[in-house]
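Engineer: need a 3D model of the following:
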Amino acid sequence: MRIVRPTALVYFAGLACILGGAAAVIGARLVPGGAWLGLVPVLFIMARGLHRPMRRWRLARRGLSDAWRTWLQTHVPLYATLDDAARARYERDVLFFADEQTFEAVEGLPLTDTLRVSVAAGAALLLHGRPDWELPTQRTLLFYPDRFDEDYYGGDYAVYDGMVHAQGPIILSAAAVEEDWAHPGNGRNVVLHELAHLFDFDNGGAEGVPSLMARASAEAWQALVRREIRRVRLGNSLLRGYAATNGAEFFAVAVENFFDRPAALQHRHAHLFEALVAFFNLDPRGVRHA
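Structural biologist: Now for the predicted structure:
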């Protein structure tokens, strides 16, 4: 995640020029010397365009709190492998994500900094190898105390730890979030799973082909997914059975395993591992940029 995105600045600058020029022409025709009115939309649009970069710059200067840094050291194995520059960038991404998303809790659940950093750390992992990427959408992060059902109620019959749709919030079980980060290495991380779906939804439908994947790679990826889903169904896969539900769930489960137990995934599913290394542009076993 960049403090300043050149494409965004170009967009706002172009919009300012167009609207400012139009306002200047109209102002000049209405009153003598009225061309200065063109500055009004220019200043307004540029202020809007610079709002996020300035906010991110201030966050980056402030830096991560000691409590959040300790949490990362304890729960994110990749964090310990980063050099100073990469670690600073990772921390910065955590801050940016936590600041720009909306977090809410229901059923009397306290909305703690631990829950915020738990999600922000997952987003920073997904984006770390691709500094120019942003998550394809902004959502409300809604925490339930524990599992919930299809009608978003808890209870004995609730089975969902997380859920996200093409529209609407990302819903997470706080208990599952805390459990998954506390016990890495089992291939489960509900934060990574649900955030991974966002790459898919940006295509307009969840089909298991991430929107940021190069178009030339999509066909090969789909063929790989079909082979790997067969392995899951035959019981010859590191991935749990839920990965065979469809291509979208396969991608999300594969992402969980890629970051949570990368050495095991590379050993059992070398082609899948290398495809994910290429997509995320990093090796979670020790960060290797392509």
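Engineer: in this structure, which spans are helices?
Structural biologist: Secondary structure of the chain (DSSP state H): helices located at 6-30, 39-62, 66-75, 77-81, 84-100, 113-127, 174-182, 190-201, 215-233, 247-260, 262-268, 270-280.
Engineer: for Val164, which of those helices is the nearest?
Structural biologist: Taking C-beta to C-beta, helix 190-201 is the member of those nearest to Val164, at 4.8 Å. Backbone N, C-alpha and C define where each C-beta goes, glycine included.
Engineer: so that closest one versus helix 174-182, what angle?
Structural biologist: For helix 190-201 against helix 174-182, the angle by axes from the mean of the first three to the mean of the last three C-alpha atoms, to 10 degrees is 100 degrees.
Engineer: could you list the residues in contact with helix 190-201?
Structural biologist: 118-119, 121-123, 125-126, 135-137, 139, 161-166, 170, 172-173, 176-177, 180-181, 206-212, 248, 251-253, 255-256, 259-260 (C-beta atoms under 8 Å, 6 or more residues apart in numbering).
Engineer: among those residues, name the buried ones.
Structural biologist: Burial by neighbour count, 16 or more other C-beta atoms under 10 Å: within the contacts of helix 190-201 this picks out 118-119, 121-123, 125-126, 135, 139, 161-164, 170, 172-173, 176-177, 180-181, 206-210, 248, 251-253, 255-256, 259-260.
Engineer: excluding its backbone neighbours, what's nearest Arg92?
Structural biologist: Nearest non-adjacent residue to Arg92, counting by C-beta to C-beta, 6 or more residues apart in numbering: Ala60, 5.0 Å away.
Engineer: same check on Tyr157?
Structural biologist: Distances taken as C-beta to C-beta, 6+ apart place Asp149 nearest to Tyr157, at 6.1 Å, with adjacent residues excluded.
Engineer: where does pLDDT dip in this structure?
Structural biologist: 2-13, 15-16, 20, 36-38, 41-42, 44-51, 202-207, 287-290 (pLDDT under 70).
Engineer: domains in it, as residue ranges please.
Structural biologist: 6-62, 66-280 (automatic domain parsing).
Engineer: pipe the helices of the chain into CSV and attach distance to Leu239 per row.
Structural biologist: What follows is those, written out as CSV (distance: least, C-beta to C-beta, whole Å):
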stretch, distance to Leu239
helix 6-30, 36
helix 39-62, 36
helix 66-75, 22
helix 77-81, 20
helix 84-100, 26
helix 113-127, 18
helix 174-182, 16
helix 190-201, 12
helix 215-233, 5
helix 247-260, 5
helix 262-268, 8
helix 270-280, 9
